[in-house]
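Novice: fold the following.
(2 chains)
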Amino acid sequence: AQKVTQAQTEISVVEKEDVTLDCVYETRDTTYYLFWYKQPPSGELVFLIRRNSFDEQNEISGRYSWNFQKSTSSFNFTITASQVVDSAVYFCALSEPRSYNTDKLIFGTGTRLQVFP
Amino acid sequence: KAGVTQTPRYLIKTRGQQVTLSCSPISGHRSVSWYQQTPGQGLQFLFEYFSETQRNKGNFPGRFSGRQFSNSRSEMNVSTLELGDSALYLCASSSGQGVFENEQFFGPGTRLTVL
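Specialist: Predicted coordinates for the structure are as follows:
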């Protein structure tokens, strides 16, 4: 069965610190997508990144970077020089097999990040 | 382009009542998915509709149902409400080709409180 584990329930940092959010997934499929979403207090899930299982290149977008390692089934997310506006709950998610032709995502339990000024 | 809209944003009901939540997807999108988010269970998939047909279903009791209209708008219904149904209900829309082909966008959610 597919599963996403975010072992860090809550992380607190001081502004300008770097922080890494961990995500470990389980799947028997060879083709899948991994996602990260941000959920601010307003509740809406904001899409951050989608990564294909065949693309293990790390990605950087401004202060955000993602490290995908198939060997350890991990897809970790790092925020560099954190800011108060980064405070939110962050979710890692895994897609169903491609053959299912579905939008369904399997979410981890989320990591609450609090950035203090 | 307008985003995914959900109405109402907040709802208070009592046990035993029923409730209907609405989701309007992004214009042109044909797929709507629903998720329930609770502190204890996290984000759980309820069901997915594509072109007025239920394409996928999560592991929820029959009290939870949904439908999709020809304009792609979707509604979900919960009958005989229980305290444990208190949650944030999120709706997501996409073009319908599956996550391998396109991105899905989430709405702001409807926060249901059952007293």
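
Novice: does any part of the helix or strand of chain A with the lowest mean pLDDT sit near chain B?
Specialist: Least confident helix or strand, chain A: strand A:59-61 with a mean of 87, by mean pLDDT, DSSP states H and E. No: using C-beta under 8 Å from any C-beta of the partner chain, strand A:59-61 never reaches chain B; the gap is at least 15.0 Å. Just so you know, the C-beta spots here come from the backbone N, C-alpha and C atoms, and that holds for glycine as well.

Novice: determine the set of other helices and strands touching the helix or strand following that strand.
Specialist: Where DSSP states H and E defines the elements, the next helix or strand beyond strand A:59-61 is strand A:64-69. In terms of contacts (3 or more C-beta pairs under 8 Å, 6 or more residues apart in numbering or on different chains; DSSP states H and E), strand A:64-69 is packed against strand A:46-52, strand A:59-61, strand A:74-79.

Novice: which neighbours in the sheet does the first one have, and how are they oriented?
Specialist: It refers to strand A:46-52. In the sheet, strand A:46-52 lines up against strand A:33-39 (antiparallel) (DSSP bridges).

Novice: quick check: nearest residue in space to the spatially most central residue of chain B, chain neighbours excluded?
Specialist: For chain B, the residue nearest the mean C-alpha position is B:Trp34 (3.1 Å; C-alpha atoms, centre = their mean). Closest residue in space to B:Trp34, ignoring its immediate chain neighbours: B:Leu46 at 4.1 Å, by C-beta to C-beta, 6 or more residues apart in numbering or on different chains.

Novice: what pairs with the host helix or strand of the one you found, parallel or antiparallel?
Specialist: Using DSSP H and E, B:Leu46 sits in strand B:42-50. Within its sheet, strand B:42-50 is paired with strand B:31-38 (antiparallel), strand B:53-57 (antiparallel), according to DSSP bridges.

Novice: out of these, which is the most enclosed?
Specialist: Neighbour counts (mean count of other C-beta atoms under 10 Å in any protein chain shown) averaged over each of these peak at strand B:31-38, with a mean of 24.
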